[in-house]
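> my questions are about this predicted structure, shown below with the sequence.
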Amino acid sequence: MSEKIDMRYGLRWNPNPPITVHQLVAIALATGVYTILAWIGVISLPFQVPGVSAFFIAMGFGVPFTMWFGGWGMVMGFIGTAIGAGVLSGLPLPVSLAFGVGDIILFGSLHLLYRGLAPRFGVDPIGRDVFTKRGILFFWIIAATIPHILCAIYGIGLLYLVGFVPQDLIVVTFFGFWISNMFVVMIISPFLLKLLGPVVERQGMTSFGWWT
């Protein structure tokens with residue numbers, strides 16, 4: 001497996017400037033898709049808390065987007081959540097913006113952990129081996145579990161502070177947020193990585209570092 005690891009992909013800040021038109025278009029489209037899916041998830045599959053979806057399908061797309069586009073995934077997540085799951089779902093603007101920070105935490109930690117640890121564990125840094133035993137285990141831990149726990153801690157804490165989550169629902173909401181995200185990511189993301197990943201890479205739209 002180790003000989004298949006593409007060492008071009010890592011955590012350098014801006015390894016291959018400037019960003020291309022193709023990349024900008026891809027990032028803009030990804031942001032639009034994420035925003036629309038975030039909005040649909042919240043209004044069509046609402047959880048018992050404002051701005052939280054019981055089945056946040058946008059996350060299944062957001063994870064591979066971040067694995068391909070690096071730090072741009074944080075921008076996508078912030079805009080998509082602040083607007084789609086926030087403003088368009090009726091949350092006040094300050095709460096929506098603060099809610100968007102949760103996706104900066106989620107996608108930022110995903111990119112940092114996946115790109116940083118993948119070479120050490122002998123897996124591909126952009127998930128091309130996601131359907132191998134080692135690849136899917138690594139993906140489950142790093143892409144579908146840890147970042148979502150961090151985001152859930154932040155998000156539920158925020159919603160509790162603004163009065164949207166009563167104290168007796170904190171634990172239930174936390175596990176609902178985390179586990180539903182994990183299932184969405186494990187169901188949707190691997191297929192996108194497998195089917196669309198080669199196309200995205202072949203078109204020169206992947207990011208070798210944080211930004212390009």
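Yep, that arrived.
> centre of the chain to the longest helix along the chain, how far?
Residue-count comparison of every helix in the chain, with assignments taken from DSSP state H, identifies helix 170-202 as the longest. On the basis of C-alpha atoms, centre = their mean, to the nearest Å, helix 170-202 is displaced by 8 Å from the centre of the chain it belongs to.
> go through it and flag the buried ones.
173-174, 176-178, 180-182, 184-186, 188-190, 192-193, 197, 200 (16 or more other C-beta atoms under 10 Å). C-betas here are computed from N, CA, C, even on glycine.
> how close does the residue located most distally from the centre of the chain sit to Ser96?
Summary for the chain: using C-alpha atoms, centre = their mean, the residue whose C-alpha lies farthest from the chain's mean C-alpha position is Asp168, with a distance of 28.1 Å. Counting by C-beta to C-beta, to the nearest Å, the gap between Asp168 and Ser96 amounts to 25 Å.
> ok, now Val165?
For Val165, the distance to Ser96 equals 16 Å [C-beta to C-beta].
> what does Thr145 give?
Using C-beta to C-beta, one obtains 26 Å as the distance from Thr145 to Ser96.
> neighbour count: the two, which is higher?
Ser96 (20 against 17; other C-beta atoms under 10 Å).
> for the closest residue to that one other than its chain neighbours, give me its contacts.
Closest residue to Ser96 apart from its sequence neighbours, by C-beta to C-beta, 6 or more residues apart in numbering: Gly86 at 2.7 Å. With contact taken as C-beta atoms under 8 Å, 6 or more residues apart in numbering, Gly86 is in contact with Gly51, Leu93, Val95, Ser96, Leu97, Phe99, Gly100.
> what does Gly86 show for phi and psi?
Reported as degrees, to the nearest 10, the phi and psi values for Gly86 are phi -110, psi -90.
> what about Met186, distance to Gly10?
In terms of C-beta to C-beta, Met186 sits 25 Å off from Gly10.
> hang on, I meant Val33
The gap separating Val33 from Gly10 is 26 Å, by C-beta to C-beta.
> now do the SS call for Met205.
Reducing the assignment at Met205 to three states with DSSP: H, G, I helix; E, B strand; the rest coil gives coil.
> distance of it from Phe121?
Taking C-beta to C-beta as the measure, Met205 and Phe121 are separated by 25 Å.
> between those two, which has more neighbouring residues?
A count of neighbours by other C-beta under 10 Å puts Met205 above the other of Met205 and Phe121, at 19 against 15.
> spit out the contact partners of the more buried one.
Applying C-beta under 8 Å, 6+ apart, we find Met205 in contact with Thr20, His22, Gln23, Ala26, Trp68, Phe69.
> so which of the residues you listed sit within helices?
For the contacts of Met205, membership in helices holds for His22, Gln23, Ala26, Trp68, Phe69, with DSSP H as the criterion.
> the third one and Phe69 touch, don't they?
Yes. In this structure, Ala26 is within contact of Phe69 by C-beta atoms under 8 Å, at 7.1 Å.
> what about those two, which has more around it?
Higher neighbour count among Ala26 and Phe69: Phe69, with 26 against 20, using other C-beta under 10 Å.
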